[in-house]
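# Pasting a predicted model and its sequence here:
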Amino acid sequence: MPNHAFKFNRLIGSVYTRGSLLYTSSGNSILSPVGNRVSHFDLRTHVCRTLEFEARADITAMTITHDDRLLLVVDETNHGM
């Protein structure tokens, strides 16, 4: 598979700066860090919503469990939620 060096600039209309871009286990949704918040993009219904919580600083890393029940978020000051 070829190695591409893509860089996101605007991800589905939102400013994407850095952090993990995650697909849910169904593959129908994307979770993306947008500053100190997380946006959920439903690829089937073309709906975007921002999750209610806020990190203390911009989010730099995220991971989600295989059953989509737990999302771990770490910000640039190394605080996790």
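Perfect, thanks for sending it.
# Please identify the helix or strand for H66.
H66 is part of no helix or strand, with elements assigned from DSSP states H and E.
# Stretch 32-50 - what's its average pLDDT?
The pLDDT scores in stretch 32-50 average 90.
# List the buried residues in that stretch.
Buried residues in stretch 32-50, counted by 16 or more other CB atoms under 10 Å: S32, P33, V34, G35, R37, V38, S39, H40, F41. Just so you know, the C-beta spots here come from the backbone N, C-alpha and C atoms, and that holds for glycine as well.
# T63 and H46, how far apart?
For T63, the distance to H46 (CB to CB, to the nearest Å) stands at 25 Å.
# do the same with M62
Taken as CB to CB, the span from M62 to H46 is 22 Å.
# circling back to that earlier point, can you put the buried residues of stretch 32-50 in a markdown table and add secondary structure and distance to T50?
Listed next are the buried residues of stretch 32-50 as a markdown table, based on DSSP: H, G, I helix; E, B strand; the rest coil; distance: CB to CB, whole Å:
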| residue | secondary structure | distance to T50 |
| --- | --- | --- |
| S32 | strand | 10 |
| P33 | strand | 11 |
| V34 | strand | 7 |
| G35 | coil | 10 |
| R37 | strand | 5 |
| V38 | strand | 7 |
| S39 | strand | 5 |
| H40 | strand | 8 |
| F41 | strand | 10 |
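# any chance of those in a markdown table, plus distance to R56?
Formatted as a markdown table, the buried residues of stretch 32-50 follow (distance: CB to CB, whole Å):
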| residue | distance to R56 |
| --- | --- |
| S32 | 19 |
| P33 | 13 |
| V34 | 15 |
| G35 | 11 |
| R37 | 12 |
| V38 | 14 |
| S39 | 18 |
| H40 | 20 |
| F41 | 24 |
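# Which of these sits closest to L51?
V38 (4.6 Å; CB to CB).
# Enumerate every residue touching that closest one.
L31, S32, T50, L51, F53, I59, M62, L71, V73 (CB atoms under 8 Å, 6 or more residues apart in numbering).
# what about 6 Å?
Shown in contact with V38 (CB atoms under 6 Å, 6 or more residues apart in numbering): L31, L51.
# And R44, by the same measure?
N28.
# Just the element for it, please.
Per DSSP H and E, there is no helix or strand for R44.
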